[in-house]
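*Asks:* What follows is a predicted protein model with its sequence.
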Amino acid sequence: MSDKKFRAGFVGLIGLPNSGKSTLMNRLVGEKVSIVTAKPQTTRRRVMGLVNTPNMQAVFVDAPGIIHAHSGLNLYLRDEAMDVITNSDVLVAVLNIDEPQIEKLDQIIQLAKESGKPWVALIHKTDLPQIHRPQILRDRLAPLGVPVISGSSIDPKDEIREKILEAIEPLLPEAERPLFDTDLYTLSTVRELSAEIIREKCFENLHQEVPFGLAVKINHFIEDRGPVVHIDAEIIVAKENHRPIVIGREGALIKKIGSEARKEIEALLDRKVFLELKVTSRKNWMKNLGVLKDLGYVINPS
């Protein structure tokens with residue numbers, strides 16, 4: 001029997017938009033809990049994924065990418081990320097080597113340093129041919145005396161999960177027991193996960209400026225009326241002329257989005273799903289406090 005102290009706590013993943021945090025989260029948990037697309041600022045709410053070992057429970061929190069903003073949805077994204085930093089026990093600074101401006105990575109390092117929390121630096125996306133950047137980052141991190149690891153979340157041979165778990169375990173607080181049921185792998189509800197899957201399929205199938213001005217709201221989620229789950233979802237765009245883009249010619253694109261989302265939601269629920277999608281426009285909803293609150297993007301007025 002191990003004489004190690006059990007440890008449990010929240011581990012915030014912080015980094016720039018498109019730093020690969022969501023892909024990393026899914027790799028750590030071993031299940032899809034964060035949606036992943038090539039579009040910037042895909043993550044809008046914190047997503048929690050649980051990893052349980054005999055000696056610890058790590059609650060990883062995937063925060064929106066760090067941005068500077070003063071109003072609307074961008075302000076929410078910034079505040080959400082900063083709140084994750086404040087309320088985490090340990091931070092993992094995800095430093096993606098494909099960021100053109102290394103000064104932006106310096107800002108992430110500075111945020112972790114100034115948080116006062118124990119933290120780990122992850123030099124990420126090492127599968128990319130940026131041969132000099134990892135060493136430049138190591139040189140910048142060396143004087144700080146923090147654990148530095150490197151790896152790739154998409155390389156199946158890379159033991160990035162094991163490296164991170166080993167690095168964070170001694171930094172987590174001691175605990176009498178796990179914080180959450182060890183059978184769980186996420187704290188998101190199936191309703192929330194379904195909305196995110198639909199949004200992911202929209203992001204994957206749309207281009208230009210439409211994805212950022214797009215949100216998904218689940219109006220009805222009925223799973224207690226027989227073997228089929230009925231989901232009524234609303235895809236909200238910020239401009240009226242974006243509606244026909246999302247719908248596509250003769251409804252082809254919205255059908256494709258719906259089909260892809262339905263299949264993934266069925267796999268998530270292990271049940272048949274009837275998914276109804278409609279597309280509505282709410283002008284500049286990203287700057288409308290009432291709509292932001294309705295969609296769950298609550299902004300503190302402070």
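*Replies:* Done, it's in.

*Asks:* doesn't residue 235 fall inside a strand?
*Replies:* Yes. With DSSP: H, G, I helix; E, B strand; the rest coil as the criterion, residue 235 is assigned to a strand.

*Asks:* right, and the secondary structure at residue 9 would be what?
*Replies:* strand.

*Asks:* burial of the residue lying closest to it once chain neighbours are set aside, as a residue count?
*Replies:* In this structure, residue 9 finds its nearest non-sequential neighbour in residue 89, 3.4 Å apart by C-beta to C-beta, 6 or more residues apart in numbering. Using the backbone N, CA and C atoms, a C-beta is placed for each residue, glycine as well. Neighbour count for residue 89, taken as other C-beta atoms under 10 Å: 18.

*Asks:* next one: residue 168
*Replies:* When neighbours are counted by other C-beta under 10 Å, residue 168 registers 24.

*Asks:* can you pull the alpha-carbon coordinates of the one helix or strand it maps to into PDB?
*Replies:* Taking DSSP states H and E as the criterion, residue 168 maps to helix 160-168. Output of helix 160-168 as PDB, limited to C-alpha atoms (Å, rounded to 0.1, in the frame of the first residue of the first chain):
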ATOM      1  CA  ILE A 160       2.600  14.100 -22.700                       C
ATOM      2  CA  ARG A 161      -0.100  13.000 -20.400                       C
ATOM      3  CA  GLU A 162       2.200  11.100 -18.100                       C
ATOM      4  CA  LYS A 163       4.700  14.000 -18.100                       C
ATOM      5  CA  ILE A 164       2.100  16.500 -17.000                       C
ATOM      6  CA  LEU A 165       0.500  14.300 -14.400                       C
ATOM      7  CA  GLU A 166       3.900  13.600 -12.900                       C
ATOM      8  CA  ALA A 167       4.800  17.300 -12.800                       C
ATOM      9  CA  ILE A 168       1.500  18.500 -11.200                       C
END
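
*Asks:* now that helix: mean pLDDT?
*Replies:* For helix 160-168, mean pLDDT is 96.

*Asks:* If you average pLDDT per helix and strand, which one of the chain comes out bottom?
*Replies:* Within the chain, confidence by mean pLDDT, DSSP states H and E is lowest for helix 72-87 among all helices and strands, at a mean of 76.

*Asks:* Next secondary structure after that one?
*Replies:* Past helix 72-87, further along toward the C-terminus, the next helix or strand under DSSP H and E is strand 90-96.

*Asks:* Just the C-alpha atoms of that next one, please, in CSV.
*Replies:* These are the backbone C-alpha positions of strand 90-96, laid out as CSV (Å, rounded to 0.1, in the frame of the first residue of the first chain):
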residue,chain,number,x,y,z
VAL,A,90,-2.0,24.8,-10.0
LEU,A,91,-1.5,26.3,-13.4
VAL,A,92,-0.1,24.8,-16.6
ALA,A,93,1.2,27.5,-18.9
VAL,A,94,0.7,26.2,-22.4
LEU,A,95,3.3,27.8,-24.6
ASN,A,96,2.8,26.9,-28.3
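
*Asks:* From the contact counts, what lies against it?
*Replies:* Secondary structure elements in contact with strand 90-96, counted by 3 or more C-beta pairs under 8 Å, 6 or more residues apart in numbering; DSSP states H and E, are strand 7-15, helix 102-114, strand 119-124, helix 160-168.
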